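In: What follows is a protein structure lacking sequence information:
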């Protein structure tokens, strides 16, 4: 091997530092292992769901540094130094249930529930960056999340409700300030 | 009143299974693991049709980490499965008939080892000529796939003299309709965990729509008594009919029994596609004639259904299609014949709508074409020929008296969306003349229950459990439709319990009674009927006990939130007093108090197998936009009038119609599991395209019609399927309204809708010559 | 015997070179055993579908600083997009939208946001049929490669013309794509459009992708015509014959009719099992004609 290449060390199975739902973690997994399987098999966190495994359904969506990514497409090494938030983390961060989750409950934004964790991650990532999205922006943000049960009606109503609640919460906070 | 959250008030409830779903806490059966668990994988045929001359498993079995490699030789009982007609090999012996056929299965320490072991299994195949086309399959020259030939099932219905009927017609329309191989695309692929107990019993944690049917089939395969198997089958990440039949269960059960270790299987999407069921592709030819006033005279139909290599419910789906190509109309002469045909394509089987989707697309298309010939409004033609409330059913069988047809028609025609049609405001946008809109409508009478001649048991039980919970125990499954929520809502509204008083138990064959399958839009009806039966029994039993303890007449007691209350003679006070809580009552009773009921889904007094007795009616109007540059169709607004008796669960009702119609959008516009040479070309969701949120830009208005005839005691009709069957023909009608093109094949080919040339747009506002 | 020794696919080694030179050296050493990876989204689809085997070595180029982000590096507004620039960065960049609006639109139409957070412009280009390519082709794109020596520049069109048949580029490392915005002459109006037509309204494989950019002067004459078409397995390309024909022509009915016919005649897309060639031609002709119609209106 040439000199310059020698200086680079490959990662076979090594320790990958990252943060998962606010907790520092060190992933001792093969570096090309998919985050989806790391979460489900190594960490026993099954909120991210296995479905198409090629990024076409969104059931395995998680946030990495605040933006949504398909955990089935993300390899462990790509998480190095990153902050990962799963559906479990969204609930925990909110101390039980996030307003977005509550909106899905109240509006009936789910049926079988298998797409729901991924859907909620995408909604959260959207509203964290854009608290008042247009319907076209909502459509773009959720275009990678397939729901086979609801026909998206309840989901769209839940997103609208969540926007409303977040606005109200923001306004009441502003008044207090 | 349109169905929505606001109008539903307190009846719009948070689903009891909701909190765990939105937080990701809910463990689906495919999320489960067990200590010492092995991973199972199935080796499936690469060929659509081949003879197996040898299977060698030695290398795979010798691989470190492999605990079992099984073939047909390891199946102790019947090496076949199939709900209605068991002809699908669990593990093929000497022949494979489709690319999903299982040849061997492996249990290993890890998925990687299991997959490597599959590659080490050597199977010698001699490819055989394949049968790709269902009509060709019926010819003498086609290879025969089964000893009895390629015809799984033939069914028909005749009335009058069809030839004489056509002779007297003023107008006849003849057309052939084609429908796609639609995939259920449940988000959770098939899988489960199979745990052999120390007592020798096997526990199966795997989704199905009928736990007891799985138990019976698995007992038959394993050659053990049914009592040796426990099936836990809910919650389920979507099914839509697709998980009613066995899928991974035989392999998990066999591997767990042989290795004496827990075994988990979970199909990849590609394995789900190749092995799983699809909607039957159908070719439906219709010849329909009317007199010059538009009265239907003669209707001749030929259905060819591609059922794939094995039976499952292919015959039953065909029966349903035969009934629904007749539908809610009056004819003098009828001649319907249908063929369900074996091919080497993918497996076809049960799927929401159950043959109705295909039949109704064709039938409603005929009305639109006949109306055009008559120069008549298409809805006027339907009204002229629509069944009367006391008419017999499509097969001339007695059915429950119903005003449903008239009700949904009246609602739909007075909807703002349909009214908009008579206002010919510019169909094309000024700034984009190639965008054209149109409005269409269609009509459905969709059967519920399995129909005459098929065992269709129902029942359930209520128990005041030792801990004071009111336990509602039913053999039904929750696959997202909201069954648990509907049951809870009925218990609250009909009995007066609080949600905290109730424990719902479903989906476990060790505990639940046989309630029949959770299919055919039947579960809500059957739960309602069960509770109707149970209420006097349970009141007698539980309030009787309370009466003894409280020293009050039982007739003066009632159920309420948290416990038993006195029935007040005068208006109820604002804070009625609970006389005894359920836990206190349970403690005082010493043992649980149980009432149970068993009965049968109501059937018609007929001899025609599959004929229904109860129907749900729907009329749908839809507005679409066609882009003539691209031929792409966008569904804008939908209006669904649904006559299905009382709305049990408003959120569930709305969700079923919205979700069902979404599947119909896919059926009409984007979905087809394309096959060539018996191989799937659509292997995953990158090419098999189900609707995204972008396909649902429009609004959906749902108008439930709850009134039933006075003597009707059948309660709510099913609404699980009806939303999925009526929209496609309405879209086709709306497309014709928009651009004057008749659609005969789904999903709609965009090329047909392209502008023939660009010249027609040039006259609009382009300056200069 | 250990499972691995019998050939169970071992997890690949992943290398993280810090410089383009290191990355290139690794690739030179590993040969076919090593594959450059950026977002990895397309590779994963290929591995899962069995179109390609997972290699023994992945060369992660994510740590190479010079591959990240867009850089404006000349007075004429040329912008160099590092190969690792994600499609999301492009989608949301005001700079991109101001100078290369078609690229913004293209990024919006590729996959879904979650994939665009991983997928890169380099990966989309190197797929040869990526939906960013028709948009890029409008902006005189130049590819910069590291090839172990002094570096290599070639136009995107030139590379596309042989990329599918001569895979020598697979030994090189794509560093960046440089784009130059068209200049607007005085007294002219520019019309631009990007269309992607699929079998579904969102998150769809492309059937027809069209990028369109023209200037219209005060005499209603067309100039600086740039048309690119692609979609599906069709390698995107500029329609030079049509562009030349249109240059200097008036934006009127006759021109539109002629262009429509020319596209039907000259555009040769590839069909597939889902959509035939005939549709692709007609839809492409319609889309280009419609944009001229809008300009002429």
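Out: That came through fine. Because the structure is a prediction, the values reported are computed rather than measured.

In: who in the stretch 651-769 of chain B is up against chain C?
Out: Within the stretch 651-769 of chain B, the positions lying close to chain C (C-beta under 8 Å from any C-beta of the partner chain) are B:670, B:674, B:676, B:681, B:683-684, B:686-687, B:689, B:691-695, B:750-751, B:754-755, B:757-759, B:761-762, B:765-769. (C-beta placed from N, C-alpha, C; glycine too.)

In: Walk me through the domains of the chain.
Out: Let's take chain A. A:11-91, A:93-176 (automatic domain parsing).

In: oops, I was thinking of chain C
Out: According to automatic domain parsing, the ranges for chain C are C:11-60, C:65-179, C:188-296.

In: Neighbours of whichever residue of the stretch 151-300 of chain B sits closest to chain A, how many?
Out: Nearest residue of the stretch 151-300 of chain B to chain A, counting by C-beta to the nearest C-beta: residue B:237, 3.3 Å away. Neighbour count of residue B:237, defined by other C-beta atoms under 10 Å in any protein chain shown: 30.

In: Name the nearest residue to it, ignoring sequence neighbours.
Out: Residue nearest to residue B:237 in three dimensions, not counting chain neighbours: residue B:188, with 2.5 Å by C-beta to C-beta, 6 or more residues apart in numbering or on different chains.

In: can you pull the pLDDT of that neighbour?
Out: The model reports residue B:188 with a pLDDT of 98.

In: need the contact list for it.
Out: By C-beta atoms under 8 Å, 6 or more residues apart in numbering or on different chains, the residues touching residue B:188 are A:49, A:51, A:112, A:114, B:28, B:30, B:207, B:236, B:237, B:238.

In: I'd like the distance between the last one and chain C.
Out: Separation of residue B:238 from chain C (C-beta to the nearest C-beta, to the nearest Å): 19 Å.

In: bridging residues for the most centrally placed residue in chain A?
Out: By C-alpha atoms, centre = their mean, chain A has its centre lying nearest to residue A:62, at 2.3 Å. Note on residue A:62: beta-bridge partners residue A:69, judged by DSSP bridges.

In: longest helix of chain A?
Out: If you go by DSSP state H, chain A has its longest helix at helix A:153-176.

In: residues making contact with the lowest-mean-pLDDT helix or strand in chain C?
Out: The weakest-scoring helix or strand in chain C, judged by mean pLDDT, DSSP states H and E, is strand C:70-72 (a mean of 89). For strand C:70-72, the external contacting residues (C-beta under 8 Å, 6+ apart) are C:78, C:79, C:80, C:81, C:82, C:85, C:89, C:90, C:93, C:95, C:96.

In: Specify which member of those residues is nearest to chain A.
Out: Looking across the contacts of strand C:70-72 and measuring by C-beta to the nearest C-beta, the closest to chain A is residue C:89, at 10.7 Å.

In: ok, now which ones touch the closest one?
Out: C:69, C:70.

In: Kindly reformat the domains of chain C as CSV containing distance to residue B:645.
Out: CSV is the format used below for the domains of chain C (distance: least, C-beta to C-beta, whole Å):
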stretch, distance to residue B:645
domain C:11-60, 47
domain C:65-179, 41
domain C:188-296, 36
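
In: gap between residue B:59 and chain C?
Out: For residue B:59, the distance to chain C - C-beta to the nearest C-beta - is 9 Å.

In: can I assume that residue sits in a helix?
Out: Yes - under DSSP: H, G, I helix; E, B strand; the rest coil, residue B:59 falls within a helix.

In: Count the residues that sit near the closest residue to it other than its chain neighbours.
Out: Spatial nearest neighbour of residue B:59, chain neighbours left out: residue B:120 (4.2 Å); criterion: C-beta to C-beta, 6+ apart. Neighbour count for residue B:120, taken as other C-beta under 10 Å: 20.

In: Hmm, residue B:120 is touching residue B:60, no?
Out: Yes - using C-beta atoms under 8 Å, residue B:120 is in contact with residue B:60, at 4.0 Å.

In: what's the next secondary structure element after the helix or strand hosting residue B:665?
Out: For residue B:665, the host element (DSSP states H and E) is helix B:650-665. Sequence-wise, the next helix or strand downstream of helix B:650-665 (DSSP H and E) is strand B:675-676.

In: which other residues reach that following strand?
Out: B:132, B:181, B:345, B:346, B:681, C:273.

In: quick check: longest helix of chain C.
Out: helix C:277-296.

In: Residues of the stretch 451-600 of chain B that sit close to chain A?
Out: Checking the stretch 451-600 of chain B against chain A by C-beta under 8 Å from any C-beta, the hits are B:479, B:480, B:481, B:482.

In: Give the PyMOL command for selecting the buried subset of those.
Out: Buried residues within these, by 16 or more other C-beta atoms under 10 Å in any protein chain shown, are selected in PyMOL with:
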select buried, chain B and resi 479+480+481+482
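
In: Which single one of the residues of the stretch 451-600 of chain B next to chain A is nearest to residue A:120?
Out: Ranked by distance to residue A:120 (C-beta to C-beta), these are led by residue B:480 at 15.9 Å.

In: Leaving out the residues flanking it, which one is nearest to residue B:505?
Out: Nearest one to residue B:505, counting by C-beta to C-beta, 6+ apart, is residue B:473 at 4.5 Å.

In: Okay, and that neighbour sits in which element?
Out: Applying DSSP H and E, one finds residue B:473 within strand B:470-474.
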